[in-house]
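**Q** return atomic coordinates for the entry below.
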Amino acid sequence: MILPFVLFAVFIVIALLVFLYSLYPGSQRVTTVPGLDPTTEVDGNVPDMQKAGSLPQFLINLHEEFGPVVSFWINRELIISVASPETHKAVAHLFDRPYSLFEPFLPLLGDRSIQLRNGPEGQHDRKLHDRSFTQAKIVQKFSMIQQICEELCDKWESVAGTGEHMPLSVNFSSLVMKSLTRFCFGDYFKDEEAMNAFTRDYNQCFHIMEQSIFEGPMVPGSEKEKRFNKAIKNMREVAGEIISARKEAEIAPEDKIFIDTLLDTYTDDDMVFDDIVTYLIGGSHTTSYYLTWAFCLLAKYQDVQEKAWKEVDEYYVEGPVTVDIMKNMKYLQNVMNEVMRYSKLAPYSARKSSSDCIISGHKIPKETPIIISAGTLMQNGDLWENPDEFDPDRFNKKIPAYGFEPFGFAGKRKCPGYRLTELESQMFIVLALKRFKVTLVPGQVVEPSYGLVTKPSEEIWILVEKRK
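**A** Predicted coordinates:
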């Protein structure tokens with residue numbers, strides 16, 4: 001009688017252990033990718049991310065420990081991260097984005113944003129959108145962009161040599177919003193008061209969405225939710241006015257801009273609004289913080305600034321800044337690339353595969369979110385010599401394929417506005433270096449704050465002097 005009882009007891013214990021084991025998300029490894037088991041059953045490795053201070057820093061730490069392909073958990077979902085030229089190449093064909101990783105931004109993006117449209121529909125719409133951001137379309141608006149750039153240069157000249165401190169992030173946020181809104185949505189934002197009001201509402205919404213990543217979603221009925229709803233309502237009203245005006249106007253095909261592409265593509269104005277917000281997020285933060293880091297680093301490294309200025313002075317005298325003029329400035333292009341690398345401006349993006357895929361010999365189950373950890377790759381010591389040093393000359397050497405793709409590459413989902421960011425940024429740098437020497441206000445401690453875009457944790461202040 002004892003033996004059957006013992007066997008029965010053992011069976012019960014084993015069954016109970018199997019049951020408990022199955023409840024724990026890290027217990028059944030569905031992939032051979034090395035990485036972390038969940039810290040908690042519900043939150044996964046979110047506590048580890050919070051301890052690291054940000055997702056990008058968490059990924060850097062994780063890849064240092066486990067290599068170019070790693071796994072971890074966000075809540076109950078398995079996440080894969082890749083950070084090498086070889087692994088980035090392996091996912092370069094993917095187009096679809098994982099819905100779950102963008103969920104915190106849904107109240108702002110909208111659930112029909114191009115950011116989340118996958119499959120044939122998403123690819124079709126992206127191809128249509130891309131037509132509004134060709135180099136030819138941007139060059140058509142060069143005079144407008146240069147005018148806005150020169151307005152900021154004139155503002156700098158008014159304080160040059162006075163000792164007044166100029167705030168980089170504030171200045172470039174205004175510059176980029178002016179140019180981006182007029183490039184994409186037309187002359188409605190020529191009215192500076194209207195542009196400033198729209199920008200304030202947008203910044204309010206984006207700040208609340210950033211907070212929600214670590215603090216959780218807005219509490220229904222809270223003051224935060226009320227502020228968000230009011231701001232998004234104001235933005236919708238402005239978008240409605242722009243949409244109505246463009247629908248009523250007779251616009252020649254060659255004069256159509258991005259808003260017209262949206263109206264030609266969609267019959268639903270809510271989808272138009274979702275994509276207006278999506279492109280504001282994608283365009284304004286990337287370009288404004290890129291310029292912020294560029295002038296911070298030029299001000300800090302005076303030898304780099306002087307070498308770049310000499311090249312600008314050689315190829316540009318006055319008048320329109322053209323693509324051909326900027327193409328001659330090889331060193332300045334190196335500086336711009338090194339700013340992008342050194343700042344880790346866009347530290348990550350994400351994709352998923354609709355079928356099982358293989359990365360570095362590991363089977364990745366279909367629909368698994370795959371993070372492309374560009375920020376980790378940008379400081380990989382095997383790829384970049386002395387990665388913590390700011391050295392534009394490193395770009396005189398050949399970079400391995402997929403080793404430097406700051407605007408993304410995967411599945412035709414490269415940032416659609418990358419040319420606009422590059423050309424506008426270079427144009428302002430040319431115009432500013434031609435007229436000014438910049439230095440950092442002494443005593444500042446500049447620290448990065450990592451998020452969807454890497455920004456300074458506090459405002460960066462510079463001093464401006466006119467060049468003789």
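
**Q** strands of the stretch 251-400 of the chain, start to end?
**A** With DSSP state E, counting those that start in this stretch as the criterion, the stretch 251-400 of the chain has strands at 349-351, 357-359, 362-364, 370-372.

**Q** make TSV out of those and add distance to residue 318, mean pLDDT and mean neighbour count.
**A** Every C-beta, even on glycine, is put in place using the N, C-alpha and C of the backbone. TSV is the format used below for the strands of the stretch 251-400 of the chain (distance: least, C-beta to C-beta, whole Å; pLDDT from 0 to 100; neighbours: other C-beta atoms under 10 Å):
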stretch	distance to residue 318	mean pLDDT	mean neighbour count
strand 349-351	40	94	22
strand 357-359	52	95	17
strand 362-364	55	96	18
strand 370-372	42	96	26
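
**Q** now do the contacts for residue 306.
**A** Under the criterion of C-beta atoms under 8 Å, 6 or more residues apart in numbering, residue 306 has no contact partners.

**Q** 10 Å instead, please
**A** Shown in contact with residue 306 (C-beta atoms under 10 Å, 6 or more residues apart in numbering): 298, 433, 437.

**Q** residues touching the residue nearest to the first one when sequence neighbours are not counted, list them.
**A** With C-beta to C-beta, 6 or more residues apart in numbering as the measure, residue 305 is the residue that lies nearest to residue 298, at 4.4 Å, once sequence neighbours are left out. Residues counted as contacts of residue 305 (C-beta under 10 Å, 6+ apart) are 295, 297, 298, 299, 335, 433, 436, 437, 438, 439.

**Q** got a PyMOL select line for the buried ones in the residues you listed?
**A** The PyMOL command for the buried members of the contacts of residue 305 (criterion: 16 or more other C-beta atoms under 10 Å) is given here:
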select buried, resi 295+297+298+299+335+433+436+437+438
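
**Q** on that earlier part again, next, format the strands of the stretch 251-400 of the chain as a markdown table and append distance to residue 107.
**A** Shown next, in a markdown table, are the strands of the stretch 251-400 of the chain (distance: least, C-beta to C-beta, whole Å):
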| stretch | distance to residue 107 |
| --- | --- |
| strand 349-351 | 19 |
| strand 357-359 | 31 |
| strand 362-364 | 30 |
| strand 370-372 | 22 |
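
**Q** about what we covered before: farthest pair within the contacts of residue 305?
**A** 335 and 439 (16.8 Å; C-beta to C-beta).

**Q** list the buried residues in stretch 225-239.
**A** Buried, per 16+ other C-beta under 10 Å, within stretch 225-239: 227, 228, 231, 232, 234, 235, 236, 238, 239.

**Q** oh sorry, the question was meant for stretch 425-432
**A** Buried positions in stretch 425-432, judged by neighbour count with 16+ other C-beta under 10 Å: 425, 426, 427, 428, 429, 430, 431, 432.

**Q** so the first one sits right up against residue 321, yeah?
**A** No - at 11.8 Å, residue 425 does not count as touching residue 321 under the criterion of C-beta atoms under 10 Å.

**Q** surely residue 225 and residue 205 touch.
**A** No - if you go by C-beta under 10 Å, residue 225 and residue 205 don't touch, sitting 11.3 Å apart.

**Q** need the residues touching each of those two.
**A** With C-beta under 10 Å, 6+ apart, residue 225 and residue 205 have common neighbours residue 107.

**Q** show me what contacts the residue nearest to residue 312 when sequence neighbours are not counted?
**A** With sequence-adjacent residues excluded and distances taken as C-beta to C-beta, 6+ apart, residue 312 is closest to residue 433, at 4.8 Å. The contact partners of residue 433, by C-beta under 10 Å, 6+ apart, come to 295, 298, 305-306, 308-313, 316, 332, 467.
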